[in-house]
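Visitor: Based on what follows, work out the 3D shape:
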Amino acid sequence: MDENGHPEVSEMELGKVMSALADPLRRKVITELVGDDDGAERTCMSFDLGVTKSTLTHHFRVLRESGLVFQVDRGNSRKVTLRRPELNERFPGLLDLIANESP
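Guide: So this is what the prediction gives:
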């Protein structure tokens, strides 16, 4: 992992990714990111998850450490981006499954 907790592609584990996606709020984040343009950056607060800041921080830490998202500090906020190319390389078809999941 790098200094911010992002695993390399070879370090991404299917178990950690599936565990992160098992939570409905985290899956909602990824589903929304899958629907965004490739490389789109969003703030963590833009997902309107209805949880406290500390809970939001926890959810994004799990997503980051599993390898699903890339987070970077941009001034006074953190931006999150889906790691689409890396996920497509490591787990082909996973993002398509998420995109096609019935609500």
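Visitor: When you work out contacts or count neighbours from here on, use the C-alpha atoms and nothing else.
Guide: Will do.
Visitor: which intervals of the protein have sub-threshold pLDDT?
Guide: The chain contains residues with pLDDT under 70 at 1, 102-103.
Visitor: Let me know the next secondary structure element after the helix or strand harbouring residue 15.
Guide: Assessed by DSSP states H and E, residue 15 sits inside helix 14-22. Downstream of helix 14-22, the next assigned helix or strand under DSSP H and E is helix 24-35.
Visitor: now the helices: where do they sit in this structure?
Guide: 14-22, 24-35, 53-66, 84-90, 94-99 (DSSP state H).
Visitor: Buried residues in the last one, which are they?
Guide: By 16 or more other C-alpha atoms under 10 Å, the buried positions in helix 94-99 come out as 95, 98.
Visitor: Output it in PDB with nothing but the alpha carbons.
Guide: What follows is helix 94-99 as a C-alpha-only set of coordinates in PDB (Å, rounded to 0.1, in the frame of the first residue of the first chain):
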ATOM      1  CA  LEU A  94     -17.000  -6.600 -11.600                       C
ATOM      2  CA  LEU A  95     -18.000  -3.100 -12.400                       C
ATOM      3  CA  ASP A  96     -20.400  -4.300 -15.100                       C
ATOM      4  CA  LEU A  97     -22.100  -6.400 -12.400                       C
ATOM      5  CA  ILE A  98     -22.400  -3.500 -10.100                       C
ATOM      6  CA  ALA A  99     -23.800  -1.200 -12.900                       C
END
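Visitor: just how off-centre is it within its chain?
Guide: With C-alpha atoms, centre = their mean, to the nearest Å as the basis, helix 94-99 stands 13 Å off its chain's centre.
Visitor: So which other helices or strands are in contact with it?
Guide: helix 24-35, helix 84-90 (3 or more C-alpha pairs under 8 Å, 6 or more residues apart in numbering; DSSP states H and E).
Visitor: export the helices of the chain to JSON lines and tack on distance to residue 75?
Guide: Listed next are the helices of the chain as JSON lines, based on distance: least, C-alpha to C-alpha, whole Å:
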{"stretch": "helix 14-22", "distance to residue 75": "27"}
{"stretch": "helix 24-35", "distance to residue 75": "22"}
{"stretch": "helix 53-66", "distance to residue 75": "17"}
{"stretch": "helix 84-90", "distance to residue 75": "24"}
{"stretch": "helix 94-99", "distance to residue 75": "30"}
